[in-house]
Structures are given as C-alpha cells and as structure tokens.
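K.L.:
What follows is a predicted structure for the sequence shown.
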Amino acid sequence: MAPIITIDGPSGSGKGTIASRLAGILGWRCLDSGALYRLLGYAAGQAGISLDNADELARLALDMRIEFRDGQVLLDGEDVTLAIRSEQAGNAASKVAALPEVRAALLAWQRACAVEPGLVADGRDMGSVVFPGADVKIFLDASAEERAQRRYKQLIEKGLSANLQSLVAEIRERDDRDRNRSVAPLMAPEGALIVDSTALSIDEVLERVLDRVYQILPELK
Ligand SMILES: Nc1ncnc2c1ncn2[C@@H]1O[C@H](COP(=O)(O)OP(=O)(O)OP(=O)(O)O)[C@@H](O)[C@H]1O
Ligand SMILES: Nc1ccn([C@H]2C[C@H](O)[C@@H](COP(=O)(O)O)O2)c(=O)n1
C-alpha cells in the first residue's frame, strides 16, 4: 500500500495550498477531493439535475470522465478549471456532498489515487472515511473571518468581484452544512495534528506539517 498523508479542514483553511506544496516536495501525487464534488455540482447544473436528486447525481458521479492534467481540470474533455472555482460552485458542491449516495459513488475513484510513491489527499473526510489508515493526518483550521479574507483576496486577484461580508456569511453557512451532515461530516480525524493557521503564514504552516511528516516517516527526509 502506498504511503498516504491526509489534510482535512474547512473551506479556505489552506488545505489545497499545503497539499500541493507538500506533494511537490515529496514528489507524490496530490488528490484535491473537493474538486470532485465541485465537478459534480457543475455537471449537475449542465445536465439540469436537481442538487437533491441523490440517485441521478450518484449515476452522474459514476459517469463523469475526470482528468487532472498540469493544473487543469477536465470534465468529459472540457476545461472547467475556472468554472468550478466560483463560490457558487463551492456551495453546489457542499450540497451534493451531503448525499450518502454521492459520497459512495466517489469513494472508489478517490481510493484509486493512492499509488506509489505516495499520495497527499485534501478534503473533509480524507483521514476519517476515505483513508482511515493514512500514515500522517493533518487538520487545518482558521477563523471564518480570516478564511473569508483570504478568499476575498483570491477573487480580487483573479479580477472577479467579491463582498467580504457575504463571503463570511457563505463560509459560515458552508461550514455548518459540512460539519453537521449525517454522512462523513467535517471533523478532525483521530490522531490528526491540528494546525490553526489564522495567524500563520503559508511557510509556517508548511514547516509544522513537514515536521510532523518527518517525525512519522523519517525515511522521507
Ligand atoms: N496560512 C495562510 N496565510 C495566508 N493565506 C493563506 C494561507 N493558507 C492559504 N492561504 C491562501 O488562502 C487561499 C485559500 O487557500 P486554499 O485554496 O489552499 O484553501 P482550501 O482549504 O483548499 O480551500 P477550499 O476547501 O475552499 O478549496 C489561497 O489564496 C491561499 O494562497
Ligand atoms: N472530501 C471532501 C471534499 C469536499 N467536500 C465538499 C464540501 C465542500 O464544501 C465542497 C467543496 O470543497 P472544497 O473545494 O471547498 O474543498 O465539497 C466534501 O464533502 N468532502
């Protein structure tokens, strides 16, 4: 079995940033599991499927042809990298992700990503459900205000419009749905190192995560 590092946490806590930096350092594969739920929300919109139609969504999840290639995300050959990054796509993702049928349909695809020399997987249930036997588990957190501020900066830098107050409200709403759903809720998995990044730079977070990784897997140094 390939070694696995999981990074879970709420939206905007920095999971994706840390996961891809870490995967780059280790030369491992990186799984952005949130992108799968975003792709499904997007595909459902295109196909006119309601975001609470569990059976149709699960079927769609199994039919989607997904490719992650050089920083691009392709859905059935279409480049949807930007389209799936909007707050609207994030909210749609959070809704379809609350359906057990959808989560079950996406499980095998995620587990198949665990290949040599190793996998860094980020999401909400990586360490609790998808890879409960992971070698290293990290839970990243930050205040809702700080995460909204980061998201605001990210959107403005992309030339998109954004409202900070609405972002705080949307982040709180999404946290609430992700933490309180009945299946695979967002939580710190047992044994995870919890890092609150509210007042830490990306490099400081990475340093803490790397310390933990090298402590558990010294052969990677
Ligand atoms: N410690 C940090 N300090 C400042 N900015 C950060 C920090 N960590 C991440 N960021 C910035 O915050 C934004 C969101 O980070 P990122 O996309 O990695 O979060 P995420 O947890 O993967 O979010 P999502 O779950 O919504 O995909 C990015 O612009 C990133 O550069
Ligand atoms: N393992 C995962 C990953 C993501 N989700 C859901 C919950 C999020 O609100 C949404 C979008 O994720 P993001 O791209 O913001 O990380 O997808 C989940 O339930 N489980």
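P.N.:
Okay, I see it. Numbers count the residues shown, from 1 in each chain. Ligands and ions are numbered 1, 2, ... in the order given.

K.L.:
buried residues in stretch 106-113?
P.N.:
Residues of stretch 106-113 classed as buried: 106, 110, 113 (neighbour count, 16 or more other CB atoms under 10 Å). No exception for glycine: its C-beta is placed from N, CA and C like everyone else's.

K.L.:
Would you mind confirming that the last one is in contact with residue 120?
P.N.:
No. Under the criterion of CB atoms under 8 Å, residue 113 lies out of contact with residue 120, with a separation of 9.9 Å.

K.L.:
Other residues contacting the worst-scoring helix or strand of the chain on mean pLDDT?
P.N.:
Sorting the helices and strands of the chain by mean pLDDT, DSSP states H and E puts helix 87-96 at the bottom, at a mean of 90. With CB atoms under 8 Å, 6 or more residues apart in numbering as the test, helix 87-96 has contacts from 11, 34, 37-38, 40-42, 44-45, 51-52, 57, 83-84, 102, 151, 155, 167, 170, 173-174, 177-178.

K.L.:
hmm, try it at 6 Å
P.N.:
Residues outside helix 87-96 that contact it (CB atoms under 6 Å, 6 or more residues apart in numbering) are 37, 38, 40, 41, 42, 51, 57, 102, 170, 174, 177, 178.

K.L.:
between the residues you listed, which is closest to residue 16?
P.N.:
residue 38 (11.5 Å; CB to CB).

K.L.:
wait, doesn't the closest one sit right on residue 84?
P.N.:
Yes. Residue 38 is in contact with residue 84 according to CB atoms under 6 Å; the separation is 4.0 Å.
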